[in-house]
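1. Sequence and predicted model, in that order:
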Amino acid sequence: MKNKFLLLFSFAVFGISSAQVGVGNSNPAVNLDARSATGNSAIAFGNTNQTAVAAGAGAMKYDNTTKQMFYSDGTTWVSMAANQTTTSFVPRVVASGRAGTTQPAVANNVYNKWAFSQVFTNDGNWNPSTNTYTVAVGKDGFYQFALAGGISCNKGANQSNWSITINNGAQDWVLASVTNFGIGFSSYRGGSVAIFLNAGSTISFGSKHCQGCNPGADESYTIAQGATFTITSLGSN
């Protein structure tokens with residue numbers, strides 16, 4: 001009887017050791033499954049005195065000093081953050097918004113900054129009071145700027161540029177342009193541009209309009225309600 005019990009116990013241990021194990025999960029789908037129906041599925045990693053060789057390739061640890069996650073490649077501990085190359089791009093929308101009302105705009109090649117009363121995304125660097133984005137310290141890198149909206153004019157002779165300006169006019173980028181669209185009709189245009197910017201750079205969205213299209217009879221322009229902008233970080237140093 002004792003021998004039979006030991007035999008059954010051995011089979012049971014073998015079954016547990018070779019089966020899939022669930023932590024807070026009664027139906028594991030992989031060797032170790034900690035996904036929980038209650039949403040409490042966090043797994044904590046801590047530091048270790050083991051070398052990367054001893055831990056083996058594929059092991060992970062959290063370094064309490066550098067506050068980073070590391071993985072073992074079988075030889076050394078590699079930082080998951082530092083292992084990203086400068087050519088790695090992880091797009092992330094850092095600011096976006098929409099104009100809730102129409103806005104007047106003047107002609108004569110004056111830059112008209114657009115206001116966006118509805119801000120949907122803000123990483124903390126978009127100033128809704130000034131409608132300006134400032135690249136944060138340590139966030140130098142490539143950014144993509146997109147603008148879309150409608151413009152109308154009270155004159156048949158007209159011209160408009162959808163644009164962004166950097167550092168209060170040090171650089172102007174024209175994203176779209178239109179000439180002589182119908183009186184009272186809104187011309188909807190938009191575009192985007194990707195630029196490398198240094199920390200401290202400021203960006204705003206707006207438009208410039210015809211200079212001298214109607215001599216002696218100034219034209220007026222209106223930015224339609226619903227204009228939108230997005231700023232996407234493509235990767236930083």
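-> Structure received. These numbers were taken from a predicted model, which means no experiment stands behind them.
2. Check the chain for its longest strand and report it.
-> Determined from DSSP state E, the single longest strand within the chain is strand 141-153.
3. Just the buried residues of the helix or strand just after that one, please?
-> Next in sequence after strand 141-153, counting helices and strands by DSSP states H and E, comes strand 159-166. If you call a residue buried by 16 or more other Cβ atoms under 10 Å, then strand 159-166 has these buried ones: 159-166. Quick note: C-beta positions are derived from backbone N, CA and C, even for glycine.
4. ditto for stretch 167-183
-> For stretch 167-183, the neighbour count (16+ other Cβ under 10 Å) marks 173, 175-176, 181 as buried.
5. Just the ones of the residues you listed in strands?
-> Mapping the buried residues of stretch 167-183 onto strands (DSSP E) picks out 173, 175-176.
6. which one among those gets closest to residue 215?
-> Lowest distance from residue 215 to these (Cβ to Cβ) belongs to residue 176, with 25.6 Å.
7. what's around residue 130, how many residues?
-> Counted by other Cβ atoms under 10 Å, the residues lying close to residue 130 total 12.
8. Nearest residue to it in space, please, no chain neighbours.
-> Among residues not flanking residue 130 along the chain, residue 204 sits closest, at 7.8 Å (Cβ to Cβ, 6 or more residues apart in numbering).
9. State whether the one you found and residue 165 are indeed in contact, as I suppose.
-> Yes - contact criterion Cβ atoms under 8 Å: residue 204 and residue 165 qualify, at 5.7 Å.
10. what touches both of those two?
-> Here residue 204 and residue 165 share the contacting residues residue 113, scored by Cβ atoms under 8 Å, 6 or more residues apart in numbering.
11. Check the chain and tell me which residue is nearest its centre.
-> residue 92 (1.7 Å; Cα atoms, centre = their mean).
12. tell me the contacts of that residue?
-> Listed by Cβ under 8 Å, 6+ apart, the contact partners of residue 92 are 232-233.
13. Name the residues that touch stretch 135-148?
-> Stretch 135-148 is contacted from outside by 89, 91, 94, 114, 123-125, 162-164, 173, 175, 188-203, 205, 227-237, using Cβ under 8 Å, 6+ apart.
14. Which of those fall in strands?
-> Going by DSSP E, the strands hold 94, 162-164, 173, 175, 188-197, 202-203, 205, 228-236 from the contacts of stretch 135-148.
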